[in-house]
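Participant: Starting from these lines, generate the structure:
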Amino acid sequence: MSGEFNLIEKYFVNRQPQRKDVHLAAGDDCALVKAPSNVEIAISTDTLVAGTHFLAEANPAWVAHKALASNISDLAAMGATPSWVSLALTMPEVDEEWLAPFCDSFFKLADYFGIQLIGGDTTKGPLSLTLTVQGFVPEGRALRRDGAKIGDWIYVTGNLGDSKAGLDVLLNPEKNKAKPYALELEERHYLSTPRVLAGQALVNLASSAIDISDGIIADIKHILKRSQVGASIDVSSLPISSELRQFAPDIESAQQYALTSGEEYELCFTVPEENKGSLESALSHTGTKVTCIGQIRPVEYFELHNNGEPLSWDLTGYDHFKVN
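Facilitator: Take a look at the predicted model:
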C-alpha cells in the first residue's frame, strides 16, 4: 500500500506547526498527546457522506471547511478550546485535483483555530469523511444540555435559516440561481463559522448550550429533554438575514426556514435572569451577534408564538434517517 502512505506523506504530514502538547503526531501506530492539568477533554466524532451532507461535485475546499467547522462547532457548544483532530478519508480513487484544495482549506481552518491533525486513515470506497475532534475545557465547567431552569432566557448566535436556503439553491439551481443573494446563501451552507470564542465566553454564564445542526426547532428539544423543562419561542424574534428575507417568498416562510434549517452550526444557549445583564460584556470581544428568542417554561410546555399570538405550525428539524 505504498500509494496510501505516499498520499498521507504528501498531503497530510508536516502541514502544521507542532503543538507543545502533541509529542508524536505521525509515523507510529498511535499519536501521543498530553493534556494540561485541571481540564477535561471534550471529544466529538462526526461523519460526512457525499450525497447526504454534501454533493459529490461540491467544491472540495468547501467540503473540507464544512467537515472541520461542523466538528469544531461541537467543541464550541461545550465551551471547549480546540486542540486535536483525527481524519478518516474514504475516496473512490486517488484524485489529487480534489485532494489539493481540500487539504489547503482543511489546514487553513485548522491553523486558524489552533487545532492540529494528529492521525487518521485513508481508504478506498464511497466518498466520506469521519473526523474526531478533541478540546480542553476547565474541569467541571463544560457547557451541557442538562442545566436549563424555568425562567432562563433562550438565545442563539448569528442568523438562522441561511444554510437551508443555500441547500435549496444547490438542489434547485435552475429555479434559484437567479434570485438575489443566491450565491451568498450557497456559500453560507458550506462556510459556517464555529462560535468557539462565544462558547468560551459563555462558560459560567450559560446554564445550557447546544450547537444547531438539525434546526433550532429540533435542537432546543434536546436541551428541554435533558433539562426536563419546556420552552416558549417568539418567532418574530428569530434572527433572519436580509438575504433570506429576499430569498423567501414571505416573512412566515423565512421564519420557518429559520426554525428548521439544519447545519447552521450556530449556538443555542440558555441564560439565567441574574446573568442576562453580563451577557453583552462577556461577548463583546467575540464579535458575535446574539438574539433572545424565548424563555424556558415548565416541563411538557412547548409553544411557538408571534408576538404573543399562538402558532400551530407542525415543524421538524433535519433527520438523517427520515423517509420522505
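Participant: tally of neighbours for residue 14?
Facilitator: Using other CB atoms under 10 Å, residue 14 is surrounded by 9 other residues. Placement of C-beta: from N, CA and C, glycine included.
Participant: Looks to me like it is in a helix.
Facilitator: No. Under DSSP: H, G, I helix; E, B strand; the rest coil, residue 14 sits outside any helix and is assigned coil.
Participant: Can you report phi and psi for it?
Facilitator: phi 60, psi 40 (degrees, to the nearest 10).
Participant: pLDDT at it, what is it?
Facilitator: Per-residue confidence at residue 14 stands at 84 (pLDDT).
Participant: In stretch 298-307, which residues are buried?
Facilitator: For stretch 298-307, a neighbour-count test (16 or more other CB atoms under 10 Å) marks residue 304 as buried.
Participant: ok, residue 39 touching residue 137?
Facilitator: Yes. Counting by CB atoms under 8 Å, residue 137 is a contact partner of residue 39 at 6.4 Å.
Participant: which one of the two has more residues nearby?
Facilitator: Taking other CB under 10 Å, residue 39 and residue 137 do not tie; residue 137 has more neighbours (20 against 17).
Participant: and that one, bridged to which residues?
Facilitator: residue 40 (DSSP bridges).
Participant: Quick one: residues contacting it.
Facilitator: Counting by CB atoms under 8 Å, 6 or more residues apart in numbering, residue 137 touches 39, 40, 42, 78, 79, 80, 81, 203.
Participant: tell me which of the residues you listed is nearest to residue 261?
Facilitator: residue 78 (22.0 Å; CB to CB).
Participant: Please verify my assumption that the closest one contacts residue 42.
Facilitator: Yes. Between residue 78 and residue 42 there is a contact at 4.7 Å, judged by CB under 8 Å.
Participant: Tell me the residues that contact both of the two, please.
Facilitator: 135, 137, 142.
Participant: Residue 138 and residue 203 touch, don't they?
Facilitator: Yes. Residue 138 lies in contact with residue 203 (CB under 8 Å); the separation is 6.9 Å.
Participant: Please read off the pLDDT at the closest residue to residue 228 other than its chain neighbours from the model.
Facilitator: In space, residue 228 comes closest to residue 299 once its chain neighbours are excluded; the distance is 5.2 Å by CB to CB, 6 or more residues apart in numbering. Confidence at residue 299, expressed as pLDDT, is 90.
Participant: Surely residue 299 is in contact with residue 226?
Facilitator: No. Applying CB under 8 Å, one finds residue 299 not in contact with residue 226, separated by 11.6 Å.
Participant: So which helix or strand of this structure has the lowest pLDDT on average?
Facilitator: helix 2-11 (a mean of 70; mean pLDDT, DSSP states H and E).
Participant: next SSE after that one?
Facilitator: Counting by DSSP states H and E, the next helix or strand C-terminal to helix 2-11 is strand 22-24.
Participant: neighbouring strands for the helix or strand following that following strand, and are they parallel or not?
Facilitator: Using DSSP H and E, the helix or strand that follows strand 22-24 towards the C-terminus is strand 32-33. The strands beside strand 32-33 in its sheet (DSSP bridges) come out as strand 22-24 (antiparallel).
Participant: Give me the buried positions along the partner strand.
Facilitator: For strand 22-24, burial by neighbour count (16+ other CB under 10 Å) applies to residue 22.
Participant: What residue spans form the domains of the protein?
Facilitator: Per the TED database, the structural domains of the chain span 6-138, 152-311.
Participant: closest to residue 146 out of those?
Facilitator: domain 152-311 (4.0 Å).
Participant: end to end, how far does that closest one reach?
Facilitator: Using CA to CA, to the nearest Å, one end of domain 152-311 lies 22 Å from the other.
Participant: So the most centrally placed residue in the chain: helix, strand or coil?
Facilitator: Centroid-nearest residue in the chain: residue 265, 2.7 Å away (criterion: CA atoms, centre = their mean). Classification of residue 265 using three-state DSSP returns coil.
Participant: can I assume it is in contact with residue 194?
Facilitator: Yes. If you go by CB under 8 Å, residue 265 and residue 194 touch, sitting 6.3 Å apart.
Participant: Give me the common contacts of the two.
Facilitator: With CB under 8 Å, 6+ apart, residue 265 and residue 194 have common neighbours 69, 73.
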